[in-house]
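# Okay, sequence plus prediction incoming.
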Amino acid sequence: MTIDRMVMAFAGIMVLVSLALAQVHNVYWLLLAAFVGLNLLQASMTRFCPLAIALKRLGVKPGPTFS
């Protein structure tokens with residue numbers, strides 16, 4: 001699995017967790033989903049993603065986006 005796919009999978013998991021926590025506990029967990037969305041938008045424009053940097057240092061194969 002490449003860095004690109006891992007970043008997208010992690011973002012998707014975080015959004016789903018945020019939605020579940022908002023349903024079960026408190027609506028303020030939706031702020032996590034908003035943060036993830038804003039981070040994805042920012043990464044698409046600047047190509048700066050802290051998770052991608054960490055994964056690259058761990059030796060995960062880069063994809064075309066975060067190479």
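Thanks, I have the structure now.

# make it CA atoms for all contacts and neighbour counts henceforth
Noted.

# Mind naming the longest helix for the chain?
helix 3-24 (DSSP state H).

# Who are the packing partners of that helix?
In terms of contacts (3 or more CA pairs under 8 Å, 6 or more residues apart in numbering; DSSP states H and E), helix 3-24 is packed against helix 30-46, helix 50-57.

# wait, which of those helices is closest to Thr2?
helix 50-57 (9.3 Å; CA to CA).

# Next, the angle helix 30-46 makes with that closest one.
70 degrees (axes from the mean of the first three to the mean of the last three CA atoms, to 10 degrees).

# Against which helices or strands is helix 50-57 packed?
Other helices and strands packing on helix 50-57, by 3+ CA pairs under 8 Å, 6+ apart, are helix 3-24.

# Next, the buried residues of the helix it packs on.
For helix 3-24, burial by neighbour count (16 or more other CA atoms under 10 Å) applies to 3-4, 6-7, 11, 14-15, 17-19, 21-22.

# same question, stretch 37-54
37, 40, 43, 52.

# could I get those as CSV with pLDDT and distance to Thr65?
Compiled in CSV, the buried residues of stretch 37-54 are given as follows (pLDDT from 0 to 100; distance: CA to CA, whole Å):
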residue, pLDDT, distance to Thr65
Gly37, 95, 17
Leu40, 92, 12
Ala43, 90, 10
Ala52, 91, 10
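
# quick check, nearest of those residues to Gly63?
Nearest to Gly63, judged by CA to CA, of these is Ala52 at 10.1 Å.

# Tell me how many other residues crowd Asn26.
Neighbour count of Asn26, defined by other CA atoms under 10 Å: 12.

# Many thanks, I have nothing further to ask.
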